[in-house]
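Chemist: Sequence first, then the predicted structure:
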Amino acid sequence: MIQLNAHHIWYLVTAAQWTVLLSLIAFAGGALVGLPIALMRVSPSQALRIVAGGYIQLIQGTPLLILLFLTYFGLGILGYKLAPLVAAGLALTLYAAAFLGEIWRGCIEAVPRTQWEASDCLGLGRFQQYAYVILPQAVRIAIPPTVGFMVQIVKNTSLASVVGFVELARAGQIVNNSTFEPFIIFCIVAAIYFAMCYPLSLASRFLERRANAGRASH
Amino acid sequence: MLYKFDFSFLLEKWPAFLNGAWLTIQLTVLSIALGFVVGTLCAVARVYGGRPLRLLVGFYVELIRNTPLLVQIFIVYFGLSSMGLKLSAETSAVIALVVNMGAYTTEIMRAGIQSVHRTQLEAADCLGLTRLQSILHVVLLPAIERVYPALSSQFVLLMLASSITSQISAEELTAVANNVQSDTYRSFEVYIIVAVIYLALSLLYRLAFKAIGLVIFERRRRLGTAL
């Protein structure tokens, strides 16, 4: 049996880079798909609202782990041999899109109705309304909860270990297999996750407090 | 793409799926109930406790909320067993889920408790209730009622997250699915079915929590309005 040494720790830290990369993929993909979902949810067309709402219900009602199995094993059998990174990135994108879509819908709806009416009076088209009036205000409301959700994304990338993608959690299992000191190793793994997530949590809380600063507290 | 869907294994395997769903219900109902108790106690400690207790609870909440459930499960199952505390996969799963649920419930319940107006406590003081009595009879129920929607969605999320315990081969729906999958090699079909079962379960849980809410909160039942 090999003693736990600095090389193992270094290996875990390098594996954390893949966790970061996967988180960035999931966030970028989730944002790219999530924004149209949010816009569809507040669209005047009932059909679009139903489609987007159905998508959100579907994704939020199934575990991410099953989604990951579906993209990895499922698409593999359908003839697309997906690398674990692609399958995990796809599953996390679908997952993040549903949650970000729902968060951002709330933020768009939080922009006062009068802003819509005023921009109507100015003769702006729907696209102009979004681009110049609604979205700039919605973005300010959206930043704290979005940063908060990034914590969920980082934590959930650990599930990619299940399909054999070597990120932080999987690296912990690998190190454990050679040293067999699970308690210490998984505590180190947890500490590295904590080091990534806690600053995001703090930032989210700070931004939220700053956003509410104008509002009188009871 | 010439893939033929084949759900014929269902004829033989459907009792396994049903059993898996039942195991998931047992696992999660137990974890939710215990996690709610832990979380409520911690929330009371966080709001009314002394400084050391408040710091301790805050530390627990931040630690759990900023690390993945998968790693928490590994620490309980592999970590504790290597230190001599041998736990079955199911017990480890319940412990990890309760610890996890407790942290999230603490944050939600803290918000609920803090939303109960100070004058309510002052009135309870005037009536001569002790601190414990006023927490039990004056604070807790309105606090729960106010955050009940957030609590029930957290409960549903926990039910979905319980699928992760399949990674230490605790007996539940996803573990059953993994077994069927290795028997039949129909992985795509198996996981589609499991996804549908989880969807049905989350719908069931939502309805159940709504019904429980109507039973517990008289105001909601009689007036149909939230607090």
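Modeler: Received, thanks.
Chemist: roughly how far apart are A:Val166 and chain B?
Modeler: 14 Å (Cβ to the nearest Cβ, to the nearest Å). For every residue, glycine as well, the C-beta is placed using N, CA and C.
Chemist: Helix or strand: which one has the closest residue to A:Ala26 other than its chain neighbours?
Modeler: Distances taken as Cβ to Cβ, 6 or more residues apart in numbering or on different chains put A:Leu92 closest to A:Ala26, at 3.5 Å, once the chain neighbours are dropped. Assigning secondary structure by DSSP states H and E places A:Leu92 in helix A:84-110.
Chemist: can you pull the contacts of residue 94?
Modeler: Since you didn't name a chain, this refers to chain A. A:Val33, A:Ile59, A:Leu67, A:Thr71 (Cβ atoms under 8 Å, 6 or more residues apart in numbering or on different chains).
Chemist: think we crossed wires, I meant chain B
Modeler: Taking Cβ under 8 Å, 6+ apart, one finds B:Leu27, B:Leu30, B:Ser31, B:Leu34 in contact with B:Val94.
Chemist: Name the SS class of it, please.
Modeler: Three-state call for B:Val94 (DSSP: H, G, I helix; E, B strand; the rest coil): helix.
Chemist: Now do it, the pLDDT please.
Modeler: B:Val94 is assigned 96 on the pLDDT scale.
Chemist: Could you check how far it is from B:Glu172?
Modeler: 11 Å (Cβ to Cβ, to the nearest Å).
Chemist: ditto for A:Lys155
Modeler: 20 Å.
Chemist: Report whether the one helix or strand in chain A whose mean pLDDT sits lowest contacts chain B.
Modeler: Within chain A, no helix or strand scores below helix A:75-77, which has a mean of 75 by mean pLDDT, DSSP states H and E. Yes - against chain B, helix A:75-77 shows contacts by Cβ under 8 Å from any Cβ of the partner chain at A:Gly76, A:Ile77.
Chemist: Would you mind listing the buried residues in that helix?
Modeler: Across helix A:75-77, burial judged by 16 or more other Cβ atoms under 10 Å in any protein chain shown covers A:Leu75.
Chemist: In terms of secondary structure, what does that helix contact?
Modeler: helix A:84-110, helix B:187-216 (3 or more Cβ pairs under 8 Å, 6 or more residues apart in numbering or on different chains; DSSP states H and E).
Chemist: Tabulate these (TSV), appending mean pLDDT and distance to B:Ala89.
Modeler: Listed next are the helices and strands packed on helix A:75-77 as TSV, based on pLDDT from 0 to 100; distance: least, Cβ to Cβ, whole Å:
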stretch	mean pLDDT	distance to B:Ala89
helix A:84-110	95	25
helix B:187-216	93	19
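Chemist: Nearest to B:Ile168, out of the contacts of A:Leu94: which one, please.
Modeler: A:Leu67 (20.2 Å; Cβ to Cβ).
Chemist: Let me see the ranges of the helices in chain A.
Modeler: Counting by DSSP state H, chain A has helices at residues A:6-41, A:46-60, A:64-69, A:75-77, A:84-110, A:113-121, A:126-128, A:135-156, A:168-179, A:182-211.
Chemist: Tell me which of those is the most buried.
Modeler: Of the helices of chain A, the one with the most neighbours on average (mean count of other Cβ atoms under 10 Å in any protein chain shown) is helix A:64-69, at a mean of 25.
Chemist: State the distance from the closest residue to B:Ile192 other than its chain neighbours to A:Tyr95.
Modeler: Nearest residue to B:Ile192, sequence neighbours excluded (Cβ to Cβ, 6+ apart): A:Leu70, at 7.0 Å. Relative to A:Tyr95, A:Leu70 is positioned 11 Å away (Cβ to Cβ).
Chemist: swap in B:Ala123?
Modeler: Relative to A:Tyr95, B:Ala123 is positioned 46 Å away (Cβ to Cβ).
Chemist: Those residues of chain B touching chain A, which are they?
Modeler: B:1-3, B:62-63, B:65-72, B:74-75, B:78-83, B:160-161, B:163-164, B:166-167, B:174, B:177, B:181, B:187-188, B:191-192, B:194-195, B:198-199, B:202-203.
Chemist: where does chain A have low pLDDT?
Modeler: Counting by pLDDT under 70, chain A has low-confidence residues at A:1, A:214-218.
Chemist: mind redoing it with 80?
Modeler: By pLDDT under 80, the low-scoring segments of chain A are A:1-2, A:74-82, A:213-218.
Chemist: who touches A:Thr62 in this structure?
Modeler: Applying Cβ under 8 Å, 6+ apart, the residues contacting A:Thr62 are B:Leu160, B:Ala195, B:Tyr198, B:Leu199, B:Ser202.
Chemist: residues in contact with B:Leu87?
Modeler: Counting by Cβ under 8 Å, 6+ apart, B:Leu87 makes contact with B:Val76, B:Tyr77, B:Leu80, B:Ser81, B:Ile95.
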